[in-house]
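Visitor: 3D, please:
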Amino acid sequence: MNALPCTSSAPSSASESFASRFGGILPPELTASAQAMTWSEFRAEFSGASGPIRLGSWQESDARGGRKTFDATFGIGDSIHSTTATSFGPIDALTSMLYDAGIHIEITAFHQQPLGLHELLHGSTATFVQCDIDGRREWAMAIDASSVESSIRAVIGAANLLLDRRRAARPSLDGSTPLSAAR
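Guide: Okay, here's the model as predicted:
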């Protein structure tokens, strides 16, 4: 299954501080931890781009009452899931789809910023989400030319970070035990 392409670019230098480029747009909860990170380190810590959940396709169409119907195909582990949800917005539809697939994720914080001031990412949107699964929380981020796709990628990234067993040895930013360590 092919994942949707990422349309954003990274800052020119992987060793450049994330905070020096984007510090003003970070949610306050991430500012301190990002200060000393390079762009590469920040992406590795918060992107959640790889993990058990992969988005293959995402489409929306009009439905009754101002709602939209969202159709998606996900890879979750070794399984492929095709699903549909009707909702007022894509994030509500996405969390409903993940719930139906057994991933009970809750968004506890959502921050979104246009990146028009940065020459490499002009017209892109950065989305930062904090999500919870079974009492464990993680921040994730995504950057994309589409604010909707940026949001979808950030939520999937948070789910991947929460579900990824490789994070078992590292405590979360909020001090909670990582999900995989509780198993």
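Visitor: which regions of this protein lie under the pLDDT threshold?
Guide: Applying pLDDT under 70 to the chain flags residues 1-24, 116-122, 165-183.
Visitor: pretty sure Leu162 belongs to a strand, no?
Guide: No: counting by DSSP: H, G, I helix; E, B strand; the rest coil, Leu162 is not part of a strand but helix.
Visitor: what about it, neighbour count?
Guide: Using other C-beta atoms under 10 Å, the number of residues around Leu162 comes to 24. All C-beta atoms are positioned from the backbone trio N, CA, C, and that covers glycine.
Visitor: repeat for Gly75
Guide: One way to gauge burial is a neighbour count; for Gly75, by other C-beta under 10 Å, it gives 16.
Visitor: helix, strand or coil for it?
Guide: The assignment at Gly75 comes out as strand when based on three-state DSSP.
Visitor: quick one: the helices in this protein?
Guide: According to DSSP state H, the chain carries its helices in the segments 18-22, 28-34, 39-46, 90-100, 147-163.
Visitor: tell me what the fourth one is packed against?
Guide: To tie it back to what came earlier, the one meant is helix 90-100. Judged by 3 or more C-beta pairs under 8 Å, 6 or more residues apart in numbering; DSSP states H and E, the packing partners of helix 90-100 are strand 53-62, strand 68-76, strand 79-87, strand 105-114, helix 147-163.
Visitor: nearest to Ser47, out of these?
Guide: For those, proximity to Ser47 was assessed by C-beta to C-beta; helix 147-163 is nearest, at 5.6 Å.
Visitor: nearest residue to the middle of the chain?
Guide: Averaging the C-alpha coordinates of the chain gives a centre point, and the residue nearest to it by C-alpha atoms, centre = their mean is Ala154 (1.3 Å).
Visitor: give the contact list for it.
Guide: Contact analysis of Ala154 by C-beta atoms under 8 Å, 6 or more residues apart in numbering lists 127-129, 140-142.
Visitor: picking that back up, quick one, which of the helices of the chain is nearest to Arg64?
Guide: helix 90-100 (15.0 Å).
Visitor: distance from the chain centre to that closest one, please.
Guide: 13 Å (C-alpha atoms, centre = their mean, to the nearest Å).
Visitor: for that helix, list every residue counted as buried.
Guide: Neighbour-count burial for helix 90-100, with 16 or more other C-beta atoms under 10 Å as criterion, is recorded at 90-98.
Visitor: out of these, which is nearest to Phe110?
Guide: Set against Phe110, the nearest of the buried residues of helix 90-100 by C-beta to C-beta is Ile91 (7.8 Å).
Visitor: sitting in strands, which of the contacts of Ala154 do you find?
Guide: 127-129, 140-142 (DSSP state E).
Visitor: need these in a markdown table (columns: distance to Ser61).
Guide: Supplementary listing: these in a markdown table, determined by distance: C-beta to C-beta, whole Å:
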| residue | distance to Ser61 |
| --- | --- |
| Thr127 | 23 |
| Phe128 | 29 |
| Val129 | 25 |
| Ala140 | 27 |
| Met141 | 28 |
| Ala142 | 24 |
